[in-house]
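Colleague: Sequence first, then the predicted structure:
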Amino acid sequence: MGESTKNDWWKRAVFYEIYVRSFKDSNRDGVGDLPGIIEKLEYLHSLGVDALWLTPINPSTDYDFGYDVTDYTGVNPLFGNISDFQLLLKEAHALNIKLILDFVLNHTSVEHPWFLESRSSRTNPKRDWYIWRDGRSPGKPPNRWMSRVIGKAWEFDQNTGQYYYHAFFKQQPDLNWRNPEVKKAMFEAAKYWLDLGVDGFRLDLVNHLVEDELLRENPFNNPLNSSRSIQEMLPYEWQKHLYDRDLPETHEILKELRSLTDSFSSRVLVGEAATFDTSAAASYYGSGDDELHLVFNFNFFTCPFQPRSFLHTALEWHDALPSGAWPCLALSNHDQPRHIGRFAGSFLVYGESQDAVPKGKIAASFLLTLRGSPFLYYGEEIGMRNSFLWPWEVKDPAGKIFWPAFQGRDMSRTPMQWSPSSNAGFSTAKPWLRPDPSYSECNVLYQEQDPYSLLSFYRKLIRLRKEREALALGALEFIPVTSSDYLAYMRKFNNESILIVLNFRNTMVSLSSLGEAHQLRPPWPWKVLLGTSRKAGETLDLRSAWMRPYEVLIAEPVSKGEVE
Ligand code: NOJ
C-alpha cells in the first residue's frame, strides 16, 4: 500500500471537474469555452489542482448538453476548435496540469450520422450499431425496461416499425457494443485523443454498455427496503437491474479499453458506474489493475452531514475495492446538487445557512485527506451554492420534465463566480444560464483577498497534501471514538503519521475519548499542521483538548515516528 510511480500520478492528483459551458466565456456568446479555460489556467494552478476533467467537448445536439455526441473526434464550435484544444493541452501541460476528457461511450445523439443511417432502413449496414427490436404486440415495447430518466427505455420508430433502446433520454440511443464495428469505431476515437496527448478519460455510464440479448425482464425491487436517499427511490429503482446493466460482457470491453490506454504511458480511466450498489461500482476496477483506474461512488453524493455517514460510506467503499485498487472521491458533480447546499441549505438544497463556510471546510478536509483521488467540482472551492431557477429559466431537459418536483441539474451548473462584476465575471454577454445572485458576495476575487475564506482554506489544504506523502498516499486508519460528534483518523506513510479530526457539530466537543484511543497513547503533544481554529505550529494535549464548533484539526506528533 502507498507505493506510487510516475505512471500512478493519478493517485496523488487532485482532480477538478470543469463544466465547460459554465467556466469562462472568452468570445462573448454567453457560453464557456476552451480559450476561457486557458485564461483561467493560472488560477487553477494556484489552487493546486493537478488534473482537469472537462465535460464533453465534442460536437453535440446539446439536448443533454454534450452528452448527446454527433462526432467523437470533433470539437463543438461553441467551445472552439481543435487548435484551441491543442493549445489548452499544451498550456496545461506546461503548468504540470493533466487533462482528461469525458467520453460518452454508451449512446450517441439521435442526430449522429451513425444513428441517422441506422434508422434509415432495416437493412442499412449500420442497423445493428444500435439496439433495434420488434414490439411484443402492436403498441407494446419489447419489454418493461425503464429509462433512467422517465418512462420506458424504448422508442418506436414509425419509419421502420421497430423500437430502439435508450437507457437515458430518447434523444440518446444506446450503441450496440456487441457489434465489433461499434467497438472498433469507438476505440479509434479514444486512440485519436490519446494520440493527441490527452491524459485519459472520464467514461460516462460505463455500467450500461451491454444489455441482455434475450431482453429478459428485470425482477421487481422494493426500494423502501434498502434505500438511503430519495434518489434511490425513483421509479427506475423499482426494478432490480439484472438484465439491463452491469452485465459481465461490459467488463470484457473495459479490459480491452484498459489495454489500449495502457499502450500509452501514464494515462488514466475514470468511470461513472451509475449505481448505489457499492460492490457493483467496485467491480469496474476489475481485479484491481485491469479495468478502470478509478470509479466514482454515488453514495458520497447522498451522504448527509453526519460523521457516522461519512465514516460508513468511506469504510464500505474501502472494503469493497479489490486489492491494489485506489479509491476515488467526489462529493459533488454536474448531475448532483452541490454538497454545500446538501449540508448547509436553508430550504432543501437551495440557498445556504450561516454554517455553509465552516461546513464547507469540514467537507473539503474529508475530501482532501481521505485515502483516494479527490475530485473537486468547479466553484466548490468558493462555496458556490445550488441556484433556484424558475421554470422559464430551466435548461436541463430533466428539469423541464419534472419542475417543480425536481428543478433539474441546472442548480449546480450556474456560471463560475469570478468577481462581483456583471454576470459574475463569467461573460460580458448574457450567460446561457442565469448566474446565482450570490456572486456579488461569493466570488473568487473577494475570497482571494481573505485569508480565512473557503478558497484560501482549499489552497492551504491542497498545499499540505502535496507536502506530506502521508496525506496523499498513506494508509488510512479510523480511530474508534465514543463520540458521534466528530470523526478522527490517521494517515500513515513510512515514518510519517498525520491525525485528522473533524468536528461536525456547532458546539464545543471534548476530545477525551480520542486521547484514550490506543493508537494515540501515550498522548504526546501534537503539533498543528493546519486547522480552522488553531495556528500551525501550536501544540496540544489530546486528553484535555476541546474542539471548537466545526473545527478542523490536522496534526502530527511533536516527535515523529512515535506512533505505531
Ligand atoms: C451521466 C452524465 O454525467 C449526465 O450528465 C448525462 O446526462 C448522462 N450520463 C447521460 O449521458
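Modeller: Sure thing, it's come through. All figures in this text were calculated on a predicted structure; none of them were measured in a lab. Numbers count the residues shown, from 1 in each chain.

Colleague: Not including adjacent chain positions, what is the nearest residue to the residue in the stretch 151-300 of the chain positioned nearest to the ligand?
Modeller: Of all residues in the stretch 151-300 of the chain, the one sitting closest to the ligand is residue 168 (4.4 Å; C-beta to the nearest ligand atom). For the C-beta atoms, the positions are set from N, CA and C on the backbone; glycine is no exception. Nearest non-adjacent residue to residue 168, counting by C-beta to C-beta, 6 or more residues apart in numbering: residue 148, 5.6 Å away.

Colleague: secondary structure class for the one you found?
Modeller: Classification of residue 148 using DSSP: H, G, I helix; E, B strand; the rest coil returns coil.

Colleague: cool, and residue 283?
Modeller: Counting by three-state DSSP, the backbone at residue 283 sits in helix.

Colleague: For the stretch 201-350 of the chain, what lies in contact range of the ligand?
Modeller: Contact residues (C-beta under 6 Å from any ligand atom) of the stretch 201-350 of the chain with the ligand: 204, 205, 272, 334, 335.

Colleague: need the next SSE after the helix or strand of the chain with the lowest mean pLDDT, C-terminal direction.
Modeller: The helix or strand of the chain with the poorest confidence is helix 512-516; it has a mean of 85 (mean pLDDT, DSSP states H and E). Where DSSP states H and E defines the elements, the next helix or strand beyond helix 512-516 is strand 526-531.

Colleague: doesn't residue 302 make contact with residue 331?
Modeller: No - checked against C-beta atoms under 8 Å, the pair residue 331 and residue 302 is beyond contact range at 10.3 Å.

Colleague: Settle it for me: which of those two has more neighbours?
Modeller: When residue 331 is set against residue 302 and neighbours are counted by other C-beta atoms under 10 Å, the residue ahead is residue 331, at 23 against 18.

Colleague: Can you give me every residue that contacts that one?
Modeller: Listed by C-beta atoms under 8 Å, 6 or more residues apart in numbering, the contact set of residue 331 reads 300, 301, 303, 339, 363, 366, 367, 377, 380.

Colleague: what does residue 386 give?
Modeller: Contacts here follow C-beta under 8 Å, 6+ apart; on that basis residue 386 touches 337, 338, 340, 341, 345, 349, 350, 351, 411, 412.

Colleague: re earlier: tell me how far the residue nearest to residue 168 lies from the ligand.
Modeller: According to C-beta to the nearest ligand atom, to the nearest Å, residue 148 and the ligand sit 8 Å apart.

Colleague: Now do the contacts for that residue.
Modeller: Counting by C-beta under 8 Å, 6+ apart, residue 148 touches 167, 168, 236, 274.

Colleague: For the third one, grab the count of nearby residues.
Modeller: Here the neighbour count serves as a burial measure; for residue 236 (other C-beta under 10 Å) it reads 20.

Colleague: just checking, it touches residue 151?
Modeller: No - applying C-beta under 8 Å, one finds residue 236 not in contact with residue 151, separated by 10.0 Å.

Colleague: Which positions within stretch 287-306 qualify as buried?
Modeller: 291-303 (16 or more other C-beta atoms under 10 Å).

Colleague: Out of the contacts of residue 386, which end up buried?
Modeller: Buried among the contacts of residue 386 by 16+ other C-beta under 10 Å: 337, 338, 340, 341, 345, 349, 350, 351, 411, 412.

Colleague: Relative to the ligand, how far out is the third one?
Modeller: Residue 340 is 20 Å from the ligand, where distance means C-beta to the nearest ligand atom.

Colleague: so which helix or strand takes in that residue?
Modeller: helix 339-344.
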